[in-house]
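*Asks:* can't give you the sequence, but here's the structure:
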């Protein structure tokens, strides 16, 4: 089966990003900076699409990702396909909290989150293992549908992290040192059942530095 090239995009900035507040499945929209980032990203991808066309645009159904994707499709004139499998990890009881609030309200769950304990299921949410399996299955499904094509996927920091780790054969428990910037472009090739990183953390199209994931 021919390789699929994914242009993985993290959504633009939200108010909760600036507050270091966990969003997860909570549906938080873009702030003014995020909307500007989405527009700059869309203009960049319009030029890339002209040189080497994309075949499809997918996004998480959460509004921060969907609205980033809508800015893109307005520039490149492709339909938008939304997929719940591209949602951020469900943080359960840690949702809507800052790390400082987590440490006070849910100290043990926060400790295990900090340790990146893969099999710990956050109460009301997902484990890293479950989240990772969902993300990899979703990208494999999209890759099979669009073999030999270039696809834009707009999702979340955690989703991009799963793909990076799969490509680098990096354990889920290992501390993250790679970037997951808002509105970044990250190109990954899926071939032979494996992900291969071609470019990571491109934010040259933005006017200012973007927030990294927690």
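*Replies:* Cool, got the structure. Just so it is clear, the model here is predicted, and its values are computed rather than measured. Residues are numbered from 1 along each chain as shown.
*Asks:* what about the strands in the chain?
*Replies:* For the chain, the strands defined by DSSP state E cover 4-10, 56-59, 80-82, 150-155, 185-191, 194-202.
*Asks:* got those strands as TSV, with mean neighbour count columns?
*Replies:* Heads up, the C-betas are built off the backbone N, CA and C, glycines and all. Converted to TSV, the strands of the chain look like this (neighbours: other Cβ atoms under 10 Å):
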stretch	mean neighbour count
strand 4-10	25
strand 56-59	22
strand 80-82	15
strand 150-155	26
strand 185-191	20
strand 194-202	16
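*Asks:* quick check: most distant residue from the centroid of this protein.
*Replies:* For the chain, the residue at maximal distance from the C-alpha centroid (Cα atoms, centre = their mean) is residue 104, at 27.9 Å.
*Asks:* residue 133 is nearest to which of the strands of the chain?
*Replies:* strand 194-202 (14.4 Å; Cβ to Cβ).
*Asks:* and the closest one, how far out from the chain's middle?
*Replies:* Mean-position distance between strand 194-202 and its chain equals 13 Å (Cα atoms, centre = their mean, to the nearest Å).
*Asks:* what does stretch 44-62 give?
*Replies:* 15 Å.
*Asks:* pretty sure residue 200 is touching residue 186, no?
*Replies:* Yes: with contact defined as Cβ atoms under 8 Å, residue 200 counts as touching residue 186 (5.1 Å).
*Asks:* joint contacts of these two?
*Replies:* Common neighbours of residue 200 and residue 186 (criterion: Cβ atoms under 8 Å, 6 or more residues apart in numbering): residue 164.
*Asks:* what about the helices in this protein?
*Replies:* Ranges of helices in the chain, per DSSP state H, are 15-18, 32-51, 63-76, 99-105, 107-114, 128-145, 157-168.
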